[in-house]
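K.L.:
here is a sequence together with a model predicted from it:
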Amino acid sequence: HFVLPLVESVALYDTREHVFTTAGADDPKKKVDVLKVQAREGLSIGLAISVRYRLDPKRLDYIHANLPGAIDDELVAPVVASVFRQVVPNFTVREVFATRREEIRKTVTDAISSRLGSDGVLVKEVMLRDIVLPVEYARGLEGLLLKEQENERLGVETEIKQKQVRTAELEAEAMKVRQVKQAEAAAQVRVLSAKSESDA
């Protein structure tokens with residue numbers, strides 16, 4: 001390209017893949033933005049996400065004319081945070097981290113792709129890497145899991161004791177049957193010996 005000095009200038013755009021990343025909690029070692037959103041219950045959840053994207057080379061003229069220079073900070077970051085803050089409040093904390101996590105990720109991916117795609121930014125993938133639960137919720141969940149484990153342990157112990165009782169009952173019945181048979185055999189021996197004495 002020939003550039004006329006003082007008349008034209010060159011703007012360089014990196015069309016390679018970029019990754020926008022957030023953290024779920026503050027980490028002084030890493031200088032990454034923290035993304036906090038609220039669930040349906042009003043509890044604050046930290047989300048560690050990564051969005052892979054790149055600029056559409058065919059739309060660089062539009063990007064240069066209409067978008068801010070720092071696309072990462074001034075376009076991608078606000079759109080990603082905004083979409084997560086719109087979608088996540090429709091779900092409970094439990095749904096976000098367990099039962100509907102993949103559904104949320106797909107919904108968010110579609111919304112981010114649509115919004116950024118209209119501005120010439122092609123989204124390849126949105127990854128929901130980690131979810132940081134509120135401290136009080138995590139403690140409650142841990143307590144709940146411990147109670148479930150205790151219930152399972154008690155259930156197993158009860159089952160074992162019931163089997164031991166049943167085994168003891170069966171052994172007692174078997175012992176009674178043996179004693180009855182021994183008594184019957186002893187009675188038959190006495191009858192036979194009495195009969196043989198009377199015959200003699």
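P.N.:
Perfect, thanks for sending it.
K.L.:
for the most centrally placed residue in the chain, which three-state class applies?
P.N.:
Nearest residue to the geometric centre of the chain (CA atoms, centre = their mean): A98, 4.2 Å. What DSSP: H, G, I helix; E, B strand; the rest coil gives for A98 is helix.
K.L.:
now do the same for it: its pLDDT.
P.N.:
pLDDT for A98: 79.
K.L.:
likewise for A81?
P.N.:
If you check A81, the pLDDT there is 91.
K.L.:
who does the helix or strand that contains it touch, helix- and strand-wise?
P.N.:
Per DSSP states H and E: A81 is located in helix 77-87. Helices and strands touching helix 77-87, by 3 or more CB pairs under 8 Å, 6 or more residues apart in numbering; DSSP states H and E, are strand 18-23, strand 33-38, strand 44-55, helix 101-117. No exception for glycine: its C-beta is placed from N, CA and C like everyone else's.
K.L.:
CSV please, covering those and showing mean neighbour count.
P.N.:
Below are the helices and strands packed on helix 77-87 laid out as CSV (neighbours: other CB atoms under 10 Å):
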stretch, mean neighbour count
strand 18-23, 18
strand 33-38, 16
strand 44-55, 19
helix 101-117, 16
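K.L.:
for A65, which of these is the nearest?
P.N.:
Evaluated over the helices and strands packed on helix 77-87, closeness to A65 peaks at strand 44-55, with 13.5 Å, by CB to CB.
K.L.:
and the contacts of the following helix or strand past that closest one?
P.N.:
Past strand 44-55, further along toward the C-terminus, the next helix or strand under DSSP H and E is helix 60-66. If you take CB atoms under 8 Å, 6 or more residues apart in numbering as the criterion, helix 60-66 is touched by 11, 13, 15, 55-56, 71, 119-120.
K.L.:
on that earlier part again, quick one, the helix holding A81 and helix 101-117 angle?
P.N.:
140 degrees (axes from the mean of the first three to the mean of the last three CA atoms, to 10 degrees).
K.L.:
could you check how far P68 is from S113?
P.N.:
P68 sits 20 Å away from S113, going by CB to CB, to the nearest Å.
K.L.:
same deal with T22?
P.N.:
17 Å.
K.L.:
got it, and V191?
P.N.:
From V191 to S113 the distance is 97 Å (CB to CB).
K.L.:
ok, back up a step: can you give me the buried ones in the helix holding A81?
P.N.:
Buried residues in helix 77-87, counted by 16 or more other CB atoms under 10 Å: 77, 79-81, 83-84, 87.
K.L.:
any weak-confidence spans in this structure?
P.N.:
Flagging of the chain using pLDDT under 70 yields the residue ranges 1-12, 27-28, 137-146, 198-200.
K.L.:
element containing K30?
P.N.:
Here K30 sits in a region with no helix or strand, counting by DSSP H and E.
K.L.:
how many neighbouring residues does it have?
P.N.:
By other CB atoms under 10 Å, 8 other residues sit near K30.
K.L.:
the longest helix anywhere in the chain: how far from the chain's middle?
P.N.:
Taking DSSP state H as the criterion, the chain has its longest helix at helix 135-199. Relative to its parent chain, helix 135-199 has a centroid offset of 43 Å by CA atoms, centre = their mean, to the nearest Å.
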